[in-house]
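Engineer: Structure, please.
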Amino acid sequence: MRWIEGGVTAPKGFQAAGISAGIKKGKTKDMAMVYSEVPCQAAGVFTTNVVKAAPVRWDYEVVHKSAYAQAVVVNSGVANACTGEEGLRHCAETAKAAGEALGILDRAVLVASTGVIGAKLPMDKIKAGVEVLAKSLGADREAGKQAAEAIMTTDTKSKEVAVEVEIGGKTVTVAGMCKGSGMIHPNMATMLCFVTSDVKISGALLQKALSDDVVDTFNMISVDGDTSTNDSVLLLANGMAENEEIQEENEDYRMFCQALHQVMEELSKKIAGDGEGATCLFEVKILGAPTKEAARRLAKSVVTSSLTKAAVYGHDANWGRILCALGYSGISFDPEQVDIWFESQAGKLKIVENGVSTGYSEEEATKILSEEAVTAIADMKAGEESATAWGCDLTYDYVKINADYRS
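Structural biologist: Numbering: from 1, shown residues only. Here you go, the predicted structure:
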């Protein structure tokens with residue numbers, strides 16, 4: 001498996017574009033399109049929030065009821081959530097406009113939106129934007145970058161990744177882009193993520209690979225504990241790598257799953273590290289848990305603890321907050337058996353052994369906690385299972401950003 005420079009246009013047959021359609025103030029890019037030269041198998045996972053945005057409802061139908069998908073249209077600035085039947089009509093109108101511009105079926109067009117909840121899409125700008133996007137499509141690296149930039153809201157940087165893997169003697173590429181910075185506490189996926197691949201695989205196995213993988217990637221990140229109305233991960237596979245079609249869970253399937261996992265994990269970490277107002281990526285590793293689910297719950301309990309996140313921001317080794325968060329996770333364990341470390345590029349330091357302080361150096365701990373990526377490791381000594389969660393520190397700027405988000 002090889003990491004390569006690229007985004008959604010890296011796999012064969014995929015094109016993309018990103019433009020400013022005037023949805024957001026200024027000349028900021030706010031619309032993107034991803035298009036495959038040939039029809040794709042499509043898979044998707046969506047928010048479990050009872051309040052589901054219109055694009056989530058539209059895409060669920062396309063993924064599960066259409067024969068294939070071939071394009072995605074994304075806008076930022078307006079979420080098209082809590083907009084009633086009008087919101088669904090706007091999804092249909094967007095898909096129709098894209099279908100006509102690209103010469104494909106409406107039901108082969110996926111749509112996605114991110115931004116302010118409750119606001120209505122400016123359909124005149126959306127339709128005009130679709131026309132420009134269709135004419136601006138490109139398969140080069142720059143086209144992928146433009147699309148990744150266009151889906152951002154409060155993100156401080158665009159998020160892309162790509163890998164290559166050999167499957168059945170053919171080079172298969174898996175790549176993706178995503179956006180997410182706030183309202184991040186997924187129960188399926190994350191804000192918006194689009195993954196493309198030229199692998200040839202059955203639709204059922206593509207969906208299985210995606211659904212299985214989000215459990216240990218996007219479901220293990222949190223910025224602020226809020227699960228969005230628009231959370232969606234869409235995966236398109238067009239088969240242009242020309243590998244023998246993957247129709248069973250064999251070695252080829254496992255290789256594809258590994259490549260998909262690398263892409264999904266890296267995108268997850270990029271979102272967590274770019275949390276609104278964040279200054280560092282905060283990673284929590286749980287070792288020695290009795291079950292996999294217990295390990296996941298313990299890890300997320302710590303990574304979502306506001307007090308722990310604030311301590312990380314202050315470079316303060318306040319390990320009592322970690323032990324406390326483990327304690328209210330709902331998982332039973334012996335606190336007098338727990339060991340805790342802090343780790344970063346500056347070193348690794350054991351701060352707790354068997355539930356009590358090791359008498360560590362506060363100066364060394366602060367140095368370790370002052371890096372751009374910080375890891376807390378907890379060994380529960382209660383089993384063989386492990387899990388990792390990703391989040392970020394909690395800063396003053398998080399409140400500032402969200403206090404005036406609409407204005």
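Engineer: what stretches of the protein score poorly on pLDDT?
Structural biologist: Residues of the chain that meet the criterion pLDDT under 70 lie in 183, 188-190, 405-407.
Engineer: most distant residue from the middle of it?
Structural biologist: What lies farthest from the middle of the chain is residue 359; by C-alpha atoms, centre = their mean that is 38.5 Å.
Engineer: Quickly note the distance from that one to residue 351.
Structural biologist: Distance, residue 359 to residue 351, by C-beta to C-beta, to the nearest Å: 9 Å. All C-beta atoms are positioned from the backbone trio N, CA, C, and that covers glycine.
Engineer: and what of residue 47?
Structural biologist: Separation of residue 47 from residue 351 (C-beta to C-beta): 37 Å.
Engineer: Same check on residue 1?
Structural biologist: Residue 1 sits at a distance of 35 Å from residue 351 (criterion: C-beta to C-beta).
Engineer: Looking at the two, which is more packed in?
Structural biologist: residue 351 (23 against 11; other C-beta atoms under 10 Å).
Engineer: a strand runs through the more buried one, doesn't it?
Structural biologist: Yes. Assignment of residue 351 by DSSP: H, G, I helix; E, B strand; the rest coil places it within a strand.
Engineer: Test my guess that it contacts residue 340.
Structural biologist: Yes. If you go by C-beta atoms under 8 Å, residue 351 and residue 340 touch, sitting 5.5 Å apart.
Engineer: Pull up the overlap in contacts between those two.
Structural biologist: Jointly contacting residue 351 and residue 340 under the rule C-beta atoms under 8 Å, 6 or more residues apart in numbering are residue 319.
Engineer: Neighbours of residue 75, how many?
Structural biologist: The number of residues near residue 75, taken as other C-beta under 10 Å, comes to 28.
Engineer: So it sits against residue 121, correct?
Structural biologist: Yes. Contact criterion C-beta under 8 Å: residue 75 and residue 121 qualify, at 7.0 Å.
Engineer: so what's in contact with the two at the same time?
Structural biologist: Here residue 75 and residue 121 share the contacting residues residue 113, scored by C-beta under 8 Å, 6+ apart.
Engineer: where exactly do the helices run in this structure?
Structural biologist: 54-65, 84-102, 123-136, 141-150, 203-214, 251-273, 292-303, 306-313, 319-327, 362-368, 396-403 (DSSP state H).
Engineer: Any chance of those helices in CSV with distance to residue 285 as columns?
Structural biologist: Below are the helices of the chain laid out as CSV (distance: least, C-beta to C-beta, whole Å):
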stretch, distance to residue 285
helix 54-65, 32
helix 84-102, 40
helix 123-136, 41
helix 141-150, 29
helix 203-214, 19
helix 251-273, 13
helix 292-303, 7
helix 306-313, 14
helix 319-327, 12
helix 362-368, 15
helix 396-403, 24
